[in-house]
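K.L.:
Give me a model of this one.
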Amino acid sequence: MELSTPISQLNRVGKTVAVRLKLLGIMTAGDLLYHLPFRYDDFSQSLPIDKLVIGSRANIVGEIEIINNKRSHRRRLAITEALVSDDSGTIKAVWFNQPFLVKNLKVGDRISLAGKVEEEYGQPIMMSPVYEKVGNTPPRPSQEGNIYNTPPRPSQEGNEGIHTQGLVPNYNLTAGLTQKQLRFLISQVVGLARNIVDWLPASIIKKYNFLSLSEALYKIHFPASLLEAEEAKKRLAFDELLNLQLRAQINKNSAKQLTALKIDFNQEATKALVDSLPFKLTNDQKVASWEIIKDIGGDKPMTRLLEGDVGSGKTVVALLAMYNTALNHLQSALLVPTAILAQQHLNAISKLLVNVDLKVGLITRSSKKMVSISKNLSDNKSKKITAEYIAQNADIIIGTHALLQDKINFKNLALVIVDEQHRFGVEQRQLLVKKNANNQLVPHLLSMTATPIPRSLALALYDDLSLSVIKQQPQGRQIIITKIFSEVERDRAYDFIRQEIDKGRQAFVICPLIEESEALNQTHSNAMRPAVKSVKAEYKFLQEQVFSQYKLGLLHGKLKSADKDKIMEQFVQGQLDILVATSVVEVGIDVPNASVMLVESADRFGLAQLHQYRGRVGRGEHQSYCLLAGAETTGKTRERLEAMLKFNNGFDLAKADLKFRGPGEVYGTLQKGFAELKVASLFDFALMGQAKILSQELLAQSANLDKFPLIKEKLGETEKLVYFE
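P.N.:
As a prediction, this is how the structure comes out:
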């Protein structure tokens with residue numbers, strides 16, 4: 001086997017599994033080797049049954065005394081129950097919808113179980129534990145005699161199981177794949193780590209006391225201890241950060257050679273526009289606006305990130321830059337992730353520029369329109385509006401991915417603004433920057449993000465990045481009151497929503513799923529309704545049994561674009577009282593009359609994501625509320641959700657999420673707006689500093705990295721994956 005071996009040639013990988021692995025980007029043995037765990041379950045100590053603690057996660061080894069199947073008539077579930085005993089006692093293990101277990105496991109088999117210890121009628125019970133037959137499990141990859149000189153971890157039964165004992169890796173999955181499958185497959189390829197050529201020179205590895213790349217790749221999957229896991233993560237994290245720093249330094253040097261169109265500041269007209277706004281700009285908005293206006297006034301392309309928490313008023317800052325661009329008879333483009341958000345930006349900008357003689361165009365997959373603001377008329381009446389016509393005639397062009405069509409070219413694009421830029425791929429953003437009539441001139445680039453990242457941290461990550469920060473909330477923006485409701489308090493939450501709607505307000509109800517998931521709900525088989533709510537089932541339940549006197553709308557990602565736009569427009573116009581939706585409302589939707597956000601199964605979301613949902617209300621003059629409901633609102637889950645009551649800014653919540661959920665589940669959310677980091681985190685300050693210094697040293701020795709061919713090759717492999725604002 002080699003790193004290039006197709007995944008289909010591995011043991012137990014048929015066509016179906018190969019398709020599922022492809023969804024994770026795994027097509028070769030090498031891809032599988034680089035599919036890294038995001039956390040570990042620590043089952044390094046195997047406990048006697050009588051020492052188990054309810055609420056903990058543990059491993060036991062015992063003998064099956066009884067195992068049989070039965071059916072739950074209420075939920076129509078097949079339930080497998082087993083009694084497992086060791087010298088100290090007996091415990092019941094329960095599995096749902098796995099009737100085949102009675103064929104795999106027999107009375108008298110010795111098995112290793114790992115999972116959460118729960119309570120039933122005062123006795124400990126293991127619900128859906130991971131199991132392995134002792135003596136018949138795939139052995140943990142042997143480390144004897146390998147280059148790492150690490151002894152195999154001792155096992156109670158003389159062999160090493162990879163699913164229930166020691167530090168058990170957990171990986172990102174897709175539908176139809178299990179952790180057991182991935183661990184088994186990775187155990188087949190992890191030995192290929194020794195074939196990896198290290199791209200860092202030996203002198204650097206020695207200087208920073210790093211593991212070799214091959215050793216780090218081996219130990220990240222199957223560490224013998226937490227210390228080994230940390231050492232492996234440190235090396236792989238440094239690789240990522242050095243890669244980023246090298247790209248940043250190269251981009252910084254390249255940018256010095258580029259030329260942009262100067263956008264002169266029209267002070268008188270800008271002041272008149274600011275005075276006409278229906279609100280007063282905060283000091284942070286004024287400072288950010290001036291930083292951007294000064295940048296675009298030069299002939300070097302601006303690369304600036306505008307950072308502001310949910311509802312801080314980033315759009316009006318971007319508008320002032322676009323307005324000055326139009327006054328210079330140049331074009332600006334605003335790229336947004338959804339058609340709903342594009343339409344909202346068109347409406348908002350049209351209202352704010354009501355006394356200005358400008359043309360604003362909208363280009364989405366389902367809609368092409370251009371509005372002449374001063375006349376408040378649409379050009380659609382006089383001629384057929386096409387995307388190409390808008391790109392040539394509008395002063396401000398707002399659009400989704402449709403702006404990136406090959407046939408669209410702009411007349412004189414001078415400013416590109418990317419809203420929530422984590423939603424766009426690298427090549428897409430670069431393509432928009434290049435879509436200009438004059439290919440010699442590069443538009444200024446402003447990216448906007450709601451991810452609150454400290455200035456010092458952003459500058460440590462990207463030396464070529466200019467950063468504007470809006471910390472202040474707009475005047476009159478109220479703190480949203482957040483409450484947690486358990487299942488038994490659900491009626492109180494519904495009553496509160498009724499009270500708000502009867503006052504003329506509107507409400508959101510957010511669910512984590514589109515369709516019901518039997519797998520996610522099987523551990524709550526005694527519940528009358530599913531613990532993890534789906535938007536379709538919840539919409540039906542609320543419309544028929546809870547809010548039958550009100551008008552409800554259903555919104556999720558599988559609807560056609562036109563249908564989503566229609567439903568959202570109805571909600572914005574007040575034709576719907578309650579919008580039942582999935583995460584499609586996470587970004588940018590602005591409904592000032594909405595005063596209640598009810599998040600179902602809140603324990604399924606990260607705190608940063610809950611903060612985004614909370615930001616969808618409180619955008620008008622009315623006091624607003626965020627209600628967090630879920631089945632698991634006790635213990636650590638309750639403690640985690642209570643952070644939403646304590647903190648009102650995204651960065652504090654992201655740090656709290658790190659504490660409760662672990663880095664693998666948090667960083668993907670926190671890093672929105674920045675290049676994806678699989679191993680490194682935004683809190684690796686020391687590693688960032690080391691990577692920055694080393695990148696500068698390497699480029700000082702060889703500006704094109706020709707003296708470091710392996711580093712140059714590695715950089716080329718990731719070039720398309722990384723984009724620097």
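K.L.:
Ser372: how many residues sit nearby?
P.N.:
Other residues near Ser372 number 15, with proximity taken as other Cβ atoms under 10 Å. Placement of C-beta: from N, CA and C, glycine included.
K.L.:
quick one: it from Arg304, how far?
P.N.:
Here the criterion is Cβ to Cβ, to the nearest Å. By it, Ser372 lies 30 Å from Arg304.
K.L.:
Go through stretch 233-249 and flag the buried ones.
P.N.:
233-249 (16 or more other Cβ atoms under 10 Å).
K.L.:
same question, stretch 53-66
P.N.:
Of the residues in stretch 53-66, those buried (16+ other Cβ under 10 Å) are Ala58, Asn59, Ile60, Val61, Gly62, Glu63, Ile64.
K.L.:
Can you list which of the residues you listed are found in strands?
P.N.:
Ala58, Asn59, Ile60, Val61, Gly62, Glu63, Ile64 (DSSP state E).
K.L.:
Next, the buried residues of stretch 343-361.
P.N.:
Of the residues in stretch 343-361, those with enough neighbours to count as buried (16+ other Cβ under 10 Å) are 343-346, 349-350, 352-353, 356, 358-361.
K.L.:
as a whole number, average confidence for the top helix by length along the chain?
P.N.:
For the chain, the helix reaching the highest residue count under DSSP state H is reported as helix 226-255. The average pLDDT for helix 226-255 rounds to 87.
K.L.:
cool, stretch 59-72 as well?
P.N.:
Computed over stretch 59-72, the mean pLDDT rounds to 92.
K.L.:
which other residues reach that stretch?
P.N.:
By Cβ atoms under 8 Å, 6 or more residues apart in numbering, the surrounding residues in contact with stretch 59-72 are 43, 45-49, 52, 77-86, 90-91, 99, 101-102, 105-114, 126, 134, 156-157, 164-165, 525.
K.L.:
OK, contacts around the residue lying farthest from the centre of the chain?
P.N.:
The outermost residue of the chain, judged against the average C-alpha position, is Asp87 (46.1 Å), by Cα atoms, centre = their mean. Contact partners of Asp87, counting by Cβ under 8 Å, 6+ apart, are Pro48.
K.L.:
go again using 10 Å as the cut-off
P.N.:
With contacts defined as Cβ atoms under 10 Å, 6 or more residues apart in numbering, Asp87 is in contact with Pro48, Ile49, Asp50, Gly62, Glu63.
K.L.:
before we move on, what about Ile292?
P.N.:
With contact taken as Cβ under 10 Å, 6+ apart, Ile292 is in contact with 263, 302, 304, 306, 317-318, 320-321, 324, 415, 417, 444, 446, 466, 468.
K.L.:
now with 7 Å?
P.N.:
For Ile292, the contacting residues are Arg304, Val317, Ala321, Leu446, Ser468, taking Cβ atoms under 7 Å, 6 or more residues apart in numbering as the criterion.
K.L.:
Restricted to strands, list the residues you listed.
P.N.:
Taking DSSP E, the ones among the contacts of Ile292 that sit in strands are Arg304, Leu446, Ser468.
K.L.:
So which of these is the closest to Gly313?
P.N.:
Distances from Gly313 to the ones in strands among the contacts of Ile292, taken as Cβ to Cβ, are shortest for Ser468 (12.2 Å).
K.L.:
Look up the pLDDT of that closest one for me, please.
P.N.:
For Ser468, the pLDDT comes out at 84.
K.L.:
just Ile363 next, same as before
P.N.:
For Ile363, the model assigns a pLDDT of 90.
K.L.:
Helices of the stretch 51-200 of the chain, start to end?
P.N.:
101-104, 179-189 (DSSP state H, counting those that start in this stretch).
K.L.:
could those helices go into a markdown table alongside mean pLDDT?
P.N.:
What follows is the helices of the stretch 51-200 of the chain, written out as a markdown table (pLDDT from 0 to 100):
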| stretch | mean pLDDT |
| --- | --- |
| helix 101-104 | 92 |
| helix 179-189 | 92 |
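K.L.:
Can you show me the CA trace of stretch 351-367 as CSV?
P.N.:
Coordinates of each C-alpha in stretch 351-367 appear next as CSV, following Å, rounded to 0.1, in the frame of the first residue of the first chain:
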residue,chain,number,x,y,z
LYS,A,351,-33.7,53.5,2.0
LEU,A,352,-30.4,55.0,3.3
LEU,A,353,-29.6,56.5,-0.1
VAL,A,354,-33.1,57.8,-0.8
ASN,A,355,-32.0,61.3,-1.7
VAL,A,356,-29.0,60.2,-3.8
ASP,A,357,-28.9,59.8,-7.6
LEU,A,358,-27.5,56.3,-7.9
LYS,A,359,-28.3,53.1,-9.5
VAL,A,360,-28.2,49.9,-7.4
GLY,A,361,-28.3,46.5,-9.1
LEU,A,362,-29.2,43.1,-7.7
ILE,A,363,-27.9,39.8,-9.3
THR,A,364,-29.0,36.5,-7.8
ARG,A,365,-29.8,33.2,-9.5
SER,A,366,-33.5,33.9,-9.4
SER,A,367,-33.6,37.7,-9.7
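K.L.:
looking at it, Pro6 is touching Thr28, isn't it?
P.N.:
Yes: proximity of Pro6 to Thr28 meets the contact threshold set by Cβ atoms under 7 Å, at 6.2 Å.
K.L.:
neighbour count winner among the two?
P.N.:
Between Pro6 and Thr28, counting by other Cβ under 10 Å, Thr28 is the more crowded of the two (19 against 11).
K.L.:
From Ala175, how far off is the more buried one?
P.N.:
From Thr28 across to Ala175, the span is 22 Å (Cβ to Cβ).
K.L.:
cool, and Glu230?
P.N.:
Separation of Glu230 from Ala175 (Cβ to Cβ): 32 Å.
K.L.:
higher neighbour count, these two?
P.N.:
For Glu230 against Ala175, the residue with the higher neighbour count under other Cβ under 10 Å is Glu230, and the figures read 11 against 8.
K.L.:
Mean confidence (pLDDT) on the helix or strand hosting Ala216, please.
P.N.:
Assigned by DSSP states H and E, Ala216 belongs to helix 213-221. For helix 213-221, the mean pLDDT works out to 95.
K.L.:
Not counting that helix itself, show me its contacts.
P.N.:
If you take Cβ under 7 Å, 6+ apart as the criterion, helix 213-221 is touched by 33, 36-37, 148, 169, 186, 190, 193-194, 196, 198-199, 228-229, 231-233, 235-236.
K.L.:
Name the nearest residue to Phe410, sequence neighbours excluded.
P.N.:
Ala391 (5.0 Å; Cβ to Cβ, 6 or more residues apart in numbering).
K.L.:
Count the neighbours of that neighbour for me.
P.N.:
24.
K.L.:
I'd like the distance from the helix or strand where it lies to the chain centre, please.
P.N.:
Element membership for Ala391, per DSSP H and E: helix 387-393. When distances are taken as Cα atoms, centre = their mean, to the nearest Å, helix 387-393 is centred 34 Å away from the chain's centroid.
K.L.:
so what are the domain limits for the chain?
P.N.:
The chain breaks down into these domains under automatic domain parsing: 41-170, 267-470, 481-519+530-647.
K.L.:
mind putting the ones you listed in a markdown table, distance to Ile204 included?
P.N.:
Putting these into a markdown table (distance: least, Cβ to Cβ, whole Å) gives the following:
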| stretch | distance to Ile204 |
| --- | --- |
| domain 41-170 | 19 |
| domain 267-470 | 19 |
| domain 481-519+530-647 | 34 |
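K.L.:
nearest to Glu713, of those?
P.N.:
Among these, the nearest to Glu713 by Cβ to Cβ is domain 267-470 (19.1 Å).
K.L.:
And that closest one, end to end?
P.N.:
22 Å (Cα to Cα, to the nearest Å).
K.L.:
for stretch 534-548, same thing?
P.N.:
Chord length of stretch 534-548, first to last residue, is 19 Å (Cα to Cα).
K.L.:
Break down the stretch 601-725 of the chain into its strands, ranges please.
P.N.:
Taking DSSP state E, counting those that start in this stretch as the criterion, the stretch 601-725 of the chain carries its strands at 625-629.
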